[in-house]
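Visitor: Any chance you can model this:
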Amino acid sequence: MLHEILLSLSGHPSPLLRNDRTDSTAQSIVSPPERELLRTAGHLSDLHCKLISYTAHISATHPSVICRAVSTAINSIYLAAFQRKVLEVEASILRQDAALVGAYNIVPLTAIIGEFSNWTRRMEWLWDLVQFILKENEGSPCRAAYLINKLRDELKTGYADIGETALALVRVAENAWLKQVAAWVLYGRIPILGDKDFFIRKDEDDEQGFSVESSLLPSFVTPAAAASMLFIGTSLNRVKTRTSIELSNSRLDHLSSQLQTLADLASPFNGVAFSRAITSIRLTLSRTTLQKLLPLAKILETLNIFRGFFLLGRGEFAMALTQQADEVIRSRWRRADNLAYEKRSGLSNVVVKEGEVAAVLTKTWAVLSSMQNQHADEDEELEIARDILRLILPKTKPPTPMKAKVGTSHESTSDIATTPFRNLLFSVPVVLTSQIPPPLDLFLTASDVQIYTSINAYLLSIRRSHLHLTDLWKITSLRRHHPPPPRPPYSTTKGGIARTRILRKRWSTRSTAMRSAWSTSSAAIFFLAETETYLQVEVVEGLWDDFHRWLTGRTEHHPGQNGTSSSTYEVRSSDPDEPLGEYGGQIHAHLLKEKQTSKQGSGAPHHDPQTLAIAHRLYFRTLTRRLLLTQSSFTNTLYDLLVHIDHLVALVRRLHGIWTSMDLEADEGVVDAFSDLAAEEKDVRADIRDVEAKVRNGVEAVVGVLRGLSMDSAFMAELEDGGAAEEGAGGADVDADGLDEEGTSRYTPRRVGGIDRLLMKLDFGGWFDAGRAAYGEEGEMDDDGF
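Guide: Residues are numbered from 1 along each chain as shown. Reported below is the predicted structural model:
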């Protein structure tokens, strides 16, 4: 019987232990205590047999390499140890060890079962673990991350034997998982075996070609570490496929140190230690290969181009582009008018084509080139912008890659309002976009370019309306006596005096008719000028200067809440003839000492491309919020106002054309038989009054929305936050002192602008009330209403 029990415990099923012994014969032979001991032995034997069978099946067929490794470890470590325990008990019996064999060579069943008492709970836990591996979750097998997380949780059960077993299996699982990570972060390869279990996936919809599956990440991997691993592997893939840099000369010498960095990680892995190891590998890659591939000077050059052309840092670009676009629209309408008399299909010729849109940008480059002085140096930024910038119709395929999926470190473009500012330039959707050369796609993505495109359309629309309104003042005949009165001696004759009276009466009538239009246009110009100054000078320029100083290592401390930095005091105190006041000398000495210290200790810092990309996304995330592009209530109201301004400008120009034709008819006898100029003048003047009211109401609505936003505590909190809350989602690890993993200061957006500052400038006094009072009950305005 003892031989049968030991043979069954070693993994061979025995009918002796499987019999329930409920019949009367068995009950008379075997006592109840013995039946309980045999039931315990049978339970342990059954667990052992099932573990042997199921672990062999998992090791042979399971799709997860980590699950196979854990299953193999269970079989080779614990089941083998259990079998050795069976052999030790058998050897002790054969040696007649007094611990098991009593008098008259009697071996108590209690002593044998007692030798395996420590294995019952462990074998039951191992069986539960095997069942967890075999269990399918929503049709998919167990994943490595689920298994690692469960084993890490089992370390806290409180049982010493279970804790030791779980710790050993955690080490096996994490080491197997680390080998897969090493293949990715050191060579840029997705593991061949168990690729469906790896958290990096090939993704054709992602412009980078790879994406992170967050559900396959173990609990100790932070989002920042996952983003770093994705960046490392993606960079290695691009270096191998798109560049001619030899890895053997630039990076393979560092593989041993990087392998040692991963080998030094002690299991169970600590999240902080693992993140530091991944960061160390990323920084090594950046200092060796990526520094040669994508230097800081190249990034600064690209950002300067984006600042100058997308964010309208070059005002002449916006002006030239607007003028060329207007010229194309006017020429097409003139051509359509000429063809309308013949074919009656003029409207089909007004549709803007893709070639004309591209030609507008080409003419814009020519205008900008002609503005340069003949002896001036060549504008390199203009030449680079000519190569990478494109003006396209959105319905055509853009030259940039497909939009990337929004991951933990990507800013979603869905936060930006969908107001169609891009429709204002050509009356059809037209956007300014950019190509991303292969080295720069490590830093810029297509979603970044789309955000720049949205900001450009927004700022360009405001600049365009401002230019159109100011161009009205260039129409001299609308502002002065035209044609002028006769000169002496004819003016002293009766005919000359009559002619002068006619011209003065005509001018007085037209001046009275245009008085309200001029006042409305002046108010709209004031609104657009103040709004554009706030957006361009305080927001765009302020954030860009701060971001540029951080990139070049000349970051200055700006403790003021509204963005006042120490550079302001330095500029004011740089004049030696300016009196410093009672404490001015101490402040000046302290600032000079701080400036000298910063110059000595801070050169151009080394930021790897991922850190730069994260800071750049935080920069334009803050920029879009400060520009109020995320508030659809403001952008929709502003868009309606810009449309009404365009309508007002078109009507004023139309009225000027009618008056010119009427002057020719009255003075020179040039009669247009197909036009009723008097009726057209009446209709246009009525339309101008209606549009004036819409412009006035639009300005009032925009100011009202701004006042509402200034009193919205949730929006103001989001505005002051500047995107810092989302920075940790995909950003680099930062310590308590504000330093990143490289030991340099992290980028923190400067607090610029403020809606209250804009509202203080947009004070129209009683203009809104005066405009409403000028209308009667029927909504019509008198000529002298303003």
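Visitor: okay, now the residue nearest to Leu294 when sequence neighbours are not counted: neighbour count?
Guide: Excluding the flanking residues, the one nearest Leu294 by CB to CB, 6 or more residues apart in numbering is Pro439, at 4.7 Å. For the C-beta atoms, the positions are set from N, CA and C on the backbone; glycine is no exception. If you count neighbours by other CB atoms under 10 Å, Pro439 ends up with 20.
Visitor: Distance-wise, check Pro439 relative to Lys298.
Guide: 7 Å (CB to CB, to the nearest Å).
Visitor: Tell me the spacing between the residue at the greatest distance from the centre of the chain and Gly753.
Guide: Distance from the C-alpha centroid of the chain, by CA atoms, centre = their mean, peaks at Tyr104 (83.2 Å). Noted for Tyr104: a distance of 98 Å to Gly753, by CB to CB.
Visitor: now do Gly158
Guide: In terms of CB to CB, Gly158 sits 56 Å off from Gly753.
Visitor: Which one of the two is surrounded by more residues?
Guide: Set side by side, Gly158 and Gly753 show more neighbours around Gly753, with 23 against 7, by other CB under 10 Å.
Visitor: How confident is the prediction for that one, by pLDDT?
Guide: Listed pLDDT for Gly753 reads 81.
Visitor: That one: which element?
Guide: Using DSSP states H and E, Gly753 sits in no helix or strand.
Visitor: Okay, it and Thr533: tell me how far apart.
Guide: For Gly753, the distance to Thr533 - CB to CB - is 11 Å.
Visitor: shaky segments in the stretch 551-700 of the chain?
Guide: Residue ranges of the stretch 551-700 of the chain with pLDDT under 70: 555-605, 673.
Visitor: Burial check on the closest residue to Phe132 other than its chain neighbours, number of neighbours?
Guide: Spatial nearest neighbour of Phe132, chain neighbours left out: Lys150 (6.2 Å); criterion: CB to CB, 6+ apart. Residues near Lys150, counting by other CB under 10 Å, number 18.
Visitor: before we move on, what about Asp264?
Guide: 9.
Visitor: Contacts only, for it.
Guide: Ala277 (CB atoms under 8 Å, 6 or more residues apart in numbering).
Visitor: Recalculate using a threshold of 10 Å.
Guide: Counting by CB atoms under 10 Å, 6 or more residues apart in numbering, Asp264 touches 273, 277.
Visitor: how close does it get to Ile148?
Guide: 19 Å.
Visitor: Thr120: how many residues sit nearby?
Guide: Neighbour tally, Thr120, other CB under 10 Å: 14.
Visitor: Any buried residues in the helix or strand where it lies, and which?
Guide: Assigned by DSSP H and E, Thr120 belongs to helix 117-134. Within helix 117-134, the residues scored as buried using 16 or more other CB atoms under 10 Å are 119, 122-123, 125-127, 129-130, 133.
Visitor: go on, stretch 705-715?
Guide: Neighbour-count burial for stretch 705-715 [16+ other CB under 10 Å]: 705-706, 709, 715.
Visitor: now stretch 188-203
Guide: Quick answer for stretch 188-203 (16+ other CB under 10 Å): 188-191, 194, 197-200.
Visitor: The longest helix anywhere in the chain packs against which elements?
Guide: Criterion DSSP state H: the longest helix present in the chain is helix 494-533. Applying 3 or more CB pairs under 10 Å, 6 or more residues apart in numbering; DSSP states H and E, we find helix 494-533 packed against helix 446-471, helix 476-479, helix 632-663, helix 677-710, helix 755-761, helix 767-773.
Visitor: Now do the first one against helix 632-663: the angle between them, please.
Guide: Okay, so that is helix 446-471. For helix 446-471 against helix 632-663, the angle by axes from the mean of the first three to the mean of the last three CA atoms, to 10 degrees is 40 degrees.
Visitor: and the angle for helix 446-471 with helix 494-533?
Guide: 150 degrees.
Visitor: and the angle from helix 446-471 to helix 677-710?
Guide: 130 degrees.
Visitor: residue ranges of the helices in the stretch 1-150 of the chain, please?
Guide: 2-9, 15-18, 24-29, 32-61, 65-73, 80-94, 109-115, 117-134, 144-154 (DSSP state H, counting those that start in this stretch).
Visitor: Go through stretch 279-296 and flag the buried ones.
Guide: Result for stretch 279-296 [16+ other CB under 10 Å]: buried residues 279, 281-286, 288-290, 293-294, 296.
Visitor: how long is it end to end?
Guide: 19 Å (CA to CA, to the nearest Å).
Visitor: mean confidence for it?
Guide: For stretch 279-296, the per-residue pLDDT averages 84.
Visitor: What of stretch 330-344?
Guide: On average, stretch 330-344 scores 57.
Visitor: again with stretch 238-254
Guide: pLDDT averaged over stretch 238-254 gives 60.
Visitor: now stretch 208-218
Guide: 86.
Visitor: Go through that stretch and flag the buried ones.
Guide: So, applying 16+ other CB under 10 Å, buried residues of stretch 208-218: 208, 210-213, 216-218.
Visitor: cool, and stretch 649-658?
Guide: 649, 651-656, 658.
Visitor: And stretch 637-644, by the same measure?
Guide: 637-644.
Visitor: Quickly find the element holding Arg201.
Guide: With DSSP H and E as criterion, Arg201 is part of strand 200-202.
Visitor: and the next element down the chain from that strand?
Guide: Once the chain leaves strand 200-202, the next helix or strand it forms, by DSSP H and E, is strand 210-212.
Visitor: Distance of Arg750 relative to His548?
Guide: Here Arg750 is placed at a distance of 11 Å from His548 (CB to CB).
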